[in-house]
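> predicted structure and sequence below. I'll ask about it afterward.
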Amino acid sequence: MVRSLTDAEIELHDAPGGPGGIVASGSDAGRAFLLAPDGDAERAVGPALLWADRIGQPVELLVDPPAVGEVARRAAPFGEQLAVWAIDGTSLAPAEPSVALQPPALPDDELAFASVIEEGGGRPVDDHGRLVAEYAGLEVARVTRNLDDEPELEVGVGQADRELQQLVHGQLGRPEALARAIEMVAEHRTPGAPMHPLNRLARERWLRSTVLADPSLLDLSSFDTLPPLRPRSTVLGTVPIAG
């Protein structure tokens with residue numbers, strides 16, 4: 001079914017997260033519509049639900065392709081409270097939810113480095129199908145693939161540091177190099193330490209590592225990491241975590 005709203009009378013209302021909510025009159029009397037903002041449509045579900053609660057009725061969210069499938073997937077658990085439509089010119093078509101994202105599986109030959117990471121004093125973490133070593137939530141090493149597509153453990157905080165570590169400490173074995181990096185990080189990444197770049201990075205992961213060490217802080221009996229659904233856009237910046 002394709003629905004046209006060109007013959008409807010509308011009233012604009014203040015609504016969160018968009019250019020304004022629309023409550024139709026005439027042939028579409030009482031229906032509430034919210035236009036998802038360009039470039040940030042995937043975040044429109046929350047504001048739409050807030051507006052639905054505010055006006056006390058379901059909201060129909062209008063979304064431009066290609067984000068419509070992901071928006072429809074996120075809206076699906078809320079049933080009739082939030083309907084999603086795909087904008088097609090001046091008409092609307094029911095949105096088809098996209099398939100839920102799944103992180104890639106860790107290759108077995110990379111997973112084998114988990115014991116090396118633990119031996120060096122780090123925590124092995126699945127970072128979207130790539131094994132990384134963290135200490136107090138900061139990535140201190142990462143398993144990469146060389147030109148022969150063989151896995152190898154590169155020590156360092158970020159790509160530039162990994163390259164520098166290879167030049168300076170390339171003669172060290174991987175557990176020794178990792179332990180050396182962790183010793184340097186541990187000096188600064190501890191509660192009460194003076195401000196330093198090493199304790200200002202990835203603070204959200206530092207928080208996760210604290211809860212991993214003591215789940216009772218959040219009144220939990222157990223806690224574990226989950227691989228993110230998308231690869232991190234940056235190692236050094238703030239990125240949402242899963243656990």
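Looks like it came in fine.

> can you tell me the SS state at Thr210?
Taking DSSP: H, G, I helix; E, B strand; the rest coil as the rule, one finds Thr210 in the helix state.

> for the residue lying closest to it once chain neighbours are set aside, give me the backbone phi and psi.
Among residues not flanking Thr210 along the chain, Leu217 sits closest, at 6.8 Å (CB to CB, 6 or more residues apart in numbering). Yep, even glycine has a C-beta here, placed from its N, CA and C like the rest. Phi and psi for Leu217, reported as degrees, to the nearest 10, are phi -60, psi -30.

> and the longest helix for this protein?
In the chain, with assignment by DSSP state H, the single longest helix is helix 174-188.

> number of residues surrounding the residue nearest to Thr210?
Look at Leu217: counted by other CB atoms under 10 Å, it has 11 neighbours.

> go on, the one 5 residues further on?
By the criterion of other CB under 10 Å, Ser222 has 7 neighbours.

> which element is it on?
Using DSSP states H and E, Ser222 sits within no helix or strand.

> then Trp85?
Trp85 belongs to strand 82-88, assigned by DSSP H and E.

> let me see the backbone angles for Ser222.
Main-chain dihedrals, Ser222, degrees, to the nearest 10: phi -150, psi 160.

> ok, now which ones touch His188?
Pro194, His196, Leu198, Asn199 (CB atoms under 8 Å, 6 or more residues apart in numbering).

> for Pro175, same thing?
Contacts of Pro175 (CB under 8 Å, 6+ apart): Val116, Glu119, Gly120.

> okay, strands next: where are they in this structure?
Assigned by DSSP state E, the chain shows strands spanning 3-4, 9-13, 21-25, 32-35, 59-63, 82-88, 91-94, 123-126, 131-135, 138-145, 151-155.

> what packs against the fifth one?
Based on contacts counted as 3 or more CB pairs under 8 Å, 6 or more residues apart in numbering; DSSP states H and E, the elements that strand 59-63 packs against are strand 32-35, helix 45-55, helix 68-75, strand 82-88.

> centre of the chain to the longest one, how far?
The offset between the C-alpha centroid of helix 45-55 and the centroid of the whole chain comes to 22 Å, using CA atoms, centre = their mean, to the nearest Å.

> next, the angle helix 68-75 makes with that helix.
Angle, helix 45-55 to helix 68-75, by axes from the mean of the first three to the mean of the last three CA atoms, to 10 degrees: 50 degrees.

> can you give me the buried ones in helix 45-55?
Residues of helix 45-55 classed as buried: Val45, Pro47, Ala48, Leu49, Trp51, Ala52 (neighbour count, 16 or more other CB atoms under 10 Å).
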